[in-house]
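J.: Sharing a sequence plus its predicted fold:
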Amino acid sequence: MHILLKNVKILAPSSPFHGQQKDISIQNGVIHQIADHLEDSHATVISGDNLHVSAGWMDIFSHFCDPGQEHKEDLLSGIQAAAKGGYTTVMVVPNTQPALHTKPQIEYVISKSRHSLVNVLPIGAATKNLEGAGIAEMYEMHEAGAVAFSDGWKPIQSPGLLLKALQYIKAFNGTLIQLPDDTSISAHGLMNEGIYSTRLGMPGKPALAEELIIQRDLELAKYTDSRLHITGISTRKSVELIARAKADGIKVTCSVAPYHLSLTDASLMDYDSNFKVNPPLRTADDVKALQDAVKDGIIDCFATHHLPQDWDAKVLEFEYAKNGMIGLESTFGVLRKHLPEVPLEQLLTMLTDKPRQIFGITLPAIQEGAVANMTIFNPDQEWTFTEADIASRSKNSAYIGAALKGKPVAIVNNGQVTSK
């Protein structure tokens, strides 16, 4: 297949063409030529105003619900949602039915998504069947292709078990991902504990539930000298704890979900369950602290926390609604809109280089002879996010109707292209 990108600005610091406006010819999945004014009568042409190209974007924490809950999302619809959002690589959490906790389950995800438009990389469960009671066969899953280990939406509560998991993964220099939530403190909370939870008469989840787990896990990472990634941080103190740990040489990295950078607990005043997430939306002060942490480089990368929920799981009393929102399709527009002070190149580094560095994935090159894995986008396009922009099977987004800035236009990967 021939693909021709016309008059695109290349933003890839490792490329010899970084910062230049060029045409890019791709043939059979390989970058054939980068030059001015290329023509190819057999090519699929991508052109438009203010088009930029970077290495393909990568997400590190998405739920594709396959196997077991394909009515919410499956691998195919998840891949379409990722492509629509500009992602060429997505790491998927193990919270499926059955869980991704053995070698055959990892092989299922890899074989079912092989050679697809988006690279789907499975995260193996850290504990057997995500039950938090015994360590899963992580080495076997690593050999089968699991790129990291986590209990996903069910963070490990036992310090002894987490200690064992962190020691176990050192055998292959693995990384363990934790979502910070002490469920013994936050079990009955429906939103952030604060002024708005009091006004709404809803039980709150205190920031302490997040910060205690982070403090504990940092101590365990220090003790084991193992690699820990904390995803979904949402409070000012969480940022401070991680910044201090990094300064002390602990092998910790972290990521933030776009909704924690752009929405506050005030959004729940209408009891809209699309704003019900975990960790919950926090205060305006927390949002400011997270935005500053992105700017200052304390936060390493973004994680969409794409969590599809079907209509029945969201359209009911707030108390019974499930947590989570989809995020792949809206992330770039949210980041550009709500982080205006962060330079575009820094955002792109957090979408391309940083996640791959953390999880040991090779960064795609933009140079002649390299395999094409790239995202084409307009960084300044202002647009309104609607249901038509959603490729996911589920529509549980808090951003429907929101004005965003910056839009993915297409991705090229594995010899395929999608444009929208």
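T.: Ah, there it is. What you see is a predicted model, and the numbers here were worked out from it, not measured in a lab.
J.: who are the neighbours in contact with residue 347?
T.: By CB atoms under 8 Å, 6 or more residues apart in numbering, the contact list for residue 347 reads 335-336, 339. Yep, even glycine has a C-beta here, placed from its N, CA and C like the rest.
J.: Of those residues, which is the nearest to residue 244?
T.: Checking the contacts of residue 347 against residue 244 by CB to CB gives residue 339 as the nearest, at 23.4 Å.
J.: Show me the shaky parts of the stretch 101-250 of the chain.
T.: Along the stretch 101-250 of the chain, no part satisfies pLDDT under 70.
J.: hey, where'd the helices end up in it?
T.: Counting by DSSP state H, counting those that start in this stretch, the stretch 101-250 of the chain has helices at residues 103-113, 138-144, 159-168, 183-186, 195-200, 207-224, 236-247.
J.: Show residues contacting the first one.
T.: Outside helix 103-113, the residues that touch it by CB under 8 Å, 6+ apart are 66-67, 75, 79, 92, 94, 96, 98-100, 119-120, 122, 124, 137, 140-141, 143-146.
J.: buried stuff in it?
T.: For helix 103-113, burial by neighbour count (16 or more other CB atoms under 10 Å) applies to 103, 105-106, 108-110, 113.
J.: Same question for the fourth one.
T.: Of the residues in helix 183-186, those buried by neighbour count under the rule 16+ other CB under 10 Å are 183, 185-186.
J.: And the fifth one, by the same measure?
T.: Buried residues in helix 195-200, counting neighbours by 16+ other CB under 10 Å, are found at 196-197, 200.
J.: what residues does it touch?
T.: 189-191, 203-204, 265-266, 268-269, 271.
J.: one more time with 7 Å
T.: Identification of contacts with helix 195-200 by CB atoms under 7 Å, 6 or more residues apart in numbering yields 191, 204, 265-266, 268-269.
J.: Of those residues, which is the nearest to residue 388?
T.: Distances from residue 388 to the contacts of helix 195-200, taken as CB to CB, are shortest for residue 268 (26.1 Å).
J.: what separates the closest one from residue 291, distance-wise?
T.: Computed with CB to CB, to the nearest Å, the distance linking residue 268 and residue 291 is 20 Å.
J.: Neighbour count for the two, which is higher?
T.: residue 268 (24 against 20; other CB atoms under 10 Å).
J.: how close does that one get to residue 181?
T.: In terms of CB to CB, residue 268 sits 18 Å off from residue 181.
J.: domain assignment for the protein?
T.: Here the domain assignment for the chain is 2-52+368-394+402-419, 56-359, based on automatic domain parsing.
J.: So the residue lying closest to residue 47 once chain neighbours are set aside: helix, strand or coil?
T.: Distances taken as CB to CB, 6 or more residues apart in numbering put residue 6 closest to residue 47, at 3.8 Å, once the chain neighbours are dropped. Here residue 6 is strand, with the state taken from DSSP: H, G, I helix; E, B strand; the rest coil.
J.: which residues touch residue 6?
T.: Residue 6 sits next to 23, 45-47 when contact means CB under 7 Å, 6+ apart.
J.: Just list the residues touching the most centrally placed residue in the chain, thanks.
T.: The C-alpha lying nearest the average C-alpha coordinate of the chain belongs to residue 303 (CA atoms, centre = their mean; 2.6 Å). Residues near residue 303 by CB under 7 Å, 6+ apart: 59-61, 231-232, 255, 257.
J.: do the same with residue 413
T.: 56, 88, 117-119, 373.
J.: bridging residues for it?
T.: Beta bridges link residue 413 to residue 373, residue 416, judged by DSSP bridges.
J.: any idea how far residue 330 is from it?
T.: 20 Å.
J.: again, but for residue 128
T.: Between residue 128 and residue 330 the distance is 35 Å, computed by CB to CB.
J.: cool, residue 149 as well?
T.: Distance from residue 149 to residue 330, by CB to CB: 28 Å.
J.: now do residue 246
T.: Applying CB to CB to residue 246 and residue 330 gives a distance of 29 Å.
J.: So for these two, which sits in the more crowded spot?
T.: Ranked by neighbour count (other CB under 10 Å), residue 246 and residue 330 place residue 330 first, with 27 against 17.
J.: Just give the number of residues close to the closest residue in space to that one that isn't next to it in sequence.
T.: What sits nearest to residue 330 in space, not counting adjacent residues and going by CB to CB, 6+ apart, is residue 399, at 4.6 Å. Neighbours of residue 399 under the rule other CB under 10 Å: 26.
J.: pretty sure residue 399 contacts residue 331?
T.: No. Taking contacts as CB atoms under 7 Å, residue 399 lies outside contact range of residue 331: 9.6 Å.
J.: Okay, strands next: where are they in the stretch 1-150 of the chain?
T.: With DSSP state E, counting those that start in this stretch, the ranges of strands along the stretch 1-150 of the chain come out as 2-10, 21-27, 30-35, 44-46, 52-55, 57-62, 87-92, 119-124, 148-150.
J.: same for the fourth one, what does it pack against?
T.: Spelled out, it's strand 44-46. Applying 3 or more CB pairs under 7 Å, 6 or more residues apart in numbering; DSSP states H and E, one finds that strand 44-46 makes contact with strand 2-10.
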